[in-house]
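**Q** Got a predicted model here, sequence first, then my questions.
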Amino acid sequence: MSTLLSLGHGYSARAFARLLVPLGWRVIGTTRSATKAEAFRAEGVEPLLWPGDLGPALADATHILASAAPDGQGDPFLRAVPDLARSKAAWVGYLSTTGVYGDHQGGWVDETTPLTPASERGRQRVVAESQWRATGLPVHIFRLAGIYGPGRGPFEKVRDGTARRIIKPGQVFGRIHVGDIAQVLNASIRRPNPGAAYNVCDDNPCPPEEVLSYAAQLLGLPDPPAIDFDTAEMTEMARSFYGESKRTRNTLIKTELGVKLLYPDYPTGLQALLAEETASAAAPLSGSGRHR
């Protein structure tokens, strides 16, 4: 049986597990939360409370996915579990970010672009990438754009009136639906290339205010208010995202991994999210009236 050990089993990893479990995979996911552990179990994932003993899970793991956020010293799992470097896993994936490329003032980047992070988070990811590569394990790096998907769409803020369109001329972001992250990871497992790095983003980098406007349009609501970036009240973390503007090429996931994006642009992705929300809201009212 193939076994995935998911280190820092978060939003993207859970989407990947939902793809693997029906295929007969055993998935073990670490968490610091007993509440989340119960949610994992309901999804067919074996929870492993962290900090804890990774030894048995590490011995069983045929594949490892690392998605825990790094800190100033790099990847926390590599630091806490030296035995990770002695794993016999056939495939290791590390979830990084396109933030490692830094600011390119709206220009294009690809996997050969030098890593020149502009933020502390980006610098920490560069360190963690290097640490994973240095293990000698069959590591694959996945540099993710802005993640959205079920539970992480713009509709709630648009509906409740808290959404704001932050206007910064020339600002461009990339994004990726979590369902496409899962299929990219699965494609890499089927076509392993240790040492490879992949940009995981859709085909449509664009100004972020476009996405909110389209979400409002889908809901039949007015555009959220436009606010100039220079005067907008934002957290430091949110403001730091606007310190980088780039367009990220995703050619390699298509040519090397054979991926055809399920959601190649934000209109496709948002339409699907809204359809899922609508279907979920209507489900208890359908059929015989019994909740399943």
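**A** Everything's here; your move. Keep in mind the model is a prediction, meaning the values are calculated, not measured.
**Q** report the longest helix in this protein, please.
**A** Using DSSP state H, we find that the single longest helix of the chain is helix 266-282.
**Q** buried set for that helix?
**A** Of the residues in helix 266-282, Tyr266, Pro267, Thr268, Gly269, Leu270, Ala272, Leu273 count as buried by neighbour count, 16 or more other C-beta atoms under 10 Å. No exception for glycine: its C-beta is placed from N, CA and C like everyone else's.
**Q** Show which residues not belonging to that helix make contact with it.
**A** 148-150, 153-155, 175, 177, 202, 204, 206, 210-211, 214-215, 218-219, 262-263 (C-beta atoms under 8 Å, 6 or more residues apart in numbering).
**Q** Just the buried residues out of those, in PyMOL syntax.
**A** Entered in PyMOL, the line below selects the buried ones among the contacts of helix 266-282, by 16+ other C-beta under 10 Å:
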select buried, resi 148+149+153+154+155+175+177+202+204+206+211+214+215+218+263
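**Q** Just the ones in helices from the contacts of helix 266-282, please.
**A** Judged by DSSP H, these include Phe155, Glu210, Val211, Tyr214, Ala215, Leu218, Leu219 as members of helices.
**Q** Return the member of the residues you listed nearest to Ala85.
**A** Nearest to Ala85 among the ones in helices among the contacts of helix 266-282, counting by C-beta to C-beta, is Val211 at 40.4 Å.
**Q** okay, the closest one: pLDDT?
**A** The per-residue pLDDT reported for Val211 equals 97.
**Q** Once you drop chain neighbours, what's closest to it?
**A** Tyr266 (5.1 Å; C-beta to C-beta, 6 or more residues apart in numbering).
**Q** Give me the distance between that neighbour and Arg79.
**A** 37 Å (C-beta to C-beta, to the nearest Å).
**Q** again with Phe155
**A** 39 Å.
**Q** Burial check on Glu46, number of neighbours?
**A** Counted with other C-beta atoms under 10 Å, the neighbours of Glu46 add up to 15.
**Q** Need phi/psi at it.
**A** Torsion angles at Glu46 (phi, psi; degrees, to the nearest 10) stand at phi -80, psi 110.
**Q** List the buried residues for stretch 218-228?
**A** Quick answer for stretch 218-228 (16+ other C-beta under 10 Å): Leu218, Pro224.
**Q** Cool, thanks, talk later.
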